[in-house]
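# Take this sequence and fold it.
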Amino acid sequence: MTEQPALSPAKAQADAPANTRKVFVKTYGCQMNVYDSDRMTDALSRDGYTATEDMSEADLILLNTCHIREKAAEKVYSALGRLRDMKKTRASQGRELMIGVTGCVAQAEGEEILRRAPAVDVVIGPQTYHRLPEALKRARTGQRVVDTEYALEDKFSHLPQAEKAKTRQRGVTAFLTVQEGCDKFCTFCVVPYTRGSEVSRPLAQILDEARNLVDGGVRELTLLGQNVNAWHGLDADGRELSLGDLLYRLSEIPGLARLRYTTSHPRDMDERLIHAHRDLRMLMPYLHLPVQSGSDRILKAMNRRHTADDYLALIRRIREARPDIALSGDFIVGFPGETEADFEATMALVREVNYAQAFSFKYSTRPGTPGAELEDQVDEAVKSERLERLQALLFSQQYAFNDSRVGMVFDILLEKPGRLEGQLIGRSPWLQSVNVDGDPAEIGSLIRVRITGAGNNSLFAERI
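The predicted structure is shown next:
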């Protein structure tokens, strides 16, 4: 942890009664950041902070950042510029505002954030969230704190688990991080550098948090990890367990209705996990399994360490085990050296798999990754044209999948009120939003519906 003299000591903040402080967290990026934001809020609640959704009333604003997308750091600096002005306005009113940057941009930029954004009081990396209350205490004394060292201790054992009352406030679905970091070192990806090497949470810790969430009203759990199917652990008898084993254990928790997990790597999709899809009805038939490209030459350059045929063979095994499963994927267009033939190989793979949903992006360099050093960068106009073609194909597949649900009868989990009076939003087994008439008192219930219509991103249903 490094410290620098602050430009404006947070004396008013230090003098404020602890139970009057409010924290606003702006979350960018993946579901794991959503989970992390919740745990940070829980940790700060023990330090006298109350969460707020109104930035204007916050005494502390945290930007929980993501470094995956293009120009992620610049977007953060732009937001910090606006917060700087808010901080100046507060100071003129005699009110103090503390600002913190957390997450992957914090890890990647570190001291640079303090240099470029003098209004920032605290910079905390993904591995040190549990030290956030301590960092804020130091910041209140007038120090500017950067803590981006990889913690030797288990941060999850220090982070408070979701309390039952807070769980009820958050809803009937919840994220649960079980694995963090990645050892795959794909040449386009910053995750190994911002989140560190692969670490799995202990089995007992996961089961305890899952039970606590279910006791608090959660009906559906989504297990999270940068490479979630690399999770491994030991049971009470010292036997080695995989993610498939973990899913079997979680399925035994009374009151839990549904299980999901994301994000997976094809190389870690083992037979036990495939069998879990076959055997566990509560494991939803939806799998996000990124491939990135359909060209073996590009896959090798990406250091994916599988071929297109390997991926397609895996898809066939999964579908044989769970015929109703829907596939989602990630694609990068315009990786250095990608030719038209390479791109057409990707299009061919997409046609063969027939995705229910997918995410596609133009390649952009990430400083510090091997991909940033590659020659033969693809022209931006070529990237844009290829992305447009790929997205048109993926969109047509997504709409066709949604349309194929019309007339089907299945259970949905009611999650929240809809935009219209008397309408509720539920979730299908395939992760689609479903609009249906209902009473808010039914939120958290599984109800049987018939699908009557399909939109681009959601379904419409009537009760059976």
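
# ok, now which ones touch residue 440?
417, 424 (Cβ atoms under 8 Å, 6 or more residues apart in numbering). (C-beta placed from N, C-alpha, C; glycine too.)

# Tell me the spacing between it and residue 451.
Residue 440 sits 22 Å away from residue 451, taking Cβ to Cβ, to the nearest Å as the criterion.

# What segments of the stretch 251-400 of the chain are helices?
271-279, 296-301, 308-321, 340-353, 380-404 (DSSP state H, counting those that start in this stretch).

# The third one - what's its average pLDDT?
Right, the one you point to is helix 308-321. Mean per-residue pLDDT for helix 308-321: 98.

# could I get it in PDB with only the CA atoms?
This file holds the C-alpha atoms of helix 308-321, laid out as PDB (Å, rounded to 0.1, in the frame of the first residue of the first chain):
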ATOM      1  CA  ALA A 308     -12.500 -24.900 -34.200                       C
ATOM      2  CA  ASP A 309     -13.100 -28.700 -34.500                       C
ATOM      3  CA  ASP A 310     -12.300 -29.200 -30.800                       C
ATOM      4  CA  TYR A 311     -14.900 -26.600 -30.000                       C
ATOM      5  CA  LEU A 312     -17.500 -28.100 -32.300                       C
ATOM      6  CA  ALA A 313     -16.900 -31.600 -31.000                       C
ATOM      7  CA  LEU A 314     -17.400 -30.300 -27.500                       C
ATOM      8  CA  ILE A 315     -20.700 -28.600 -28.500                       C
ATOM      9  CA  ARG A 316     -22.000 -31.900 -29.900                       C
ATOM     10  CA  ARG A 317     -21.200 -33.700 -26.600                       C
ATOM     11  CA  ILE A 318     -23.000 -31.000 -24.600                       C
ATOM     12  CA  ARG A 319     -26.000 -31.100 -26.800                       C
ATOM     13  CA  GLU A 320     -26.100 -34.900 -26.700                       C
ATOM     14  CA  ALA A 321     -26.200 -34.600 -22.900                       C
END
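
# Report all helices and strands that that helix contacts.
Applying 3 or more Cβ pairs under 8 Å, 6 or more residues apart in numbering; DSSP states H and E, we find helix 308-321 packed against helix 271-279, helix 340-353.

# who touches the residue lying closest to residue 233 once chain neighbours are set aside in this structure?
Nearest residue to residue 233, sequence neighbours excluded (Cβ to Cβ, 6 or more residues apart in numbering): residue 203, at 4.3 Å. By Cβ under 8 Å, 6+ apart, the residues touching residue 203 are 233-235, 241, 246, 249.

# related to what we said a few turns ago, can you check which of the helices and strands packed on helix 308-321 gets nearest to residue 413?
helix 271-279 (18.7 Å; Cβ to Cβ).

# Figure out how far that closest one is from the centre of its chain.
23 Å (Cα atoms, centre = their mean, to the nearest Å).

# relative to helix 308-321, how tilted is that helix?
40 degrees (axes from the mean of the first three to the mean of the last three Cα atoms, to 10 degrees).

# Isn't residue 99 up against residue 119?
Yes. Taking Cβ atoms under 8 Å as the definition, residue 99 is a contact partner of residue 119 at 5.5 Å.

# Spell out the secondary structure type for residue 249.
Following DSSP: H, G, I helix; E, B strand; the rest coil, the label given to residue 249 is helix.

# quick one on the thing from earlier: so can I have CSV of the helices and strands packed on helix 308-321 showing mean neighbour count and mean pLDDT?
Shown next, in CSV, are the helices and strands packed on helix 308-321 (neighbours: other Cβ atoms under 10 Å; pLDDT from 0 to 100):
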stretch, mean neighbour count, mean pLDDT
helix 271-279, 17, 98
helix 340-353, 17, 98
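
# what's the closest of those to residue 114?
Among the helices and strands packed on helix 308-321, helix 340-353 sits nearest to residue 114 (Cβ to Cβ), with 41.5 Å.

# Does anything pack onto the closest one? Which helices or strands?
Counting by 3+ Cβ pairs under 8 Å, 6+ apart, helix 340-353 packs on helix 296-301, helix 308-321, strand 326-333, helix 380-404.
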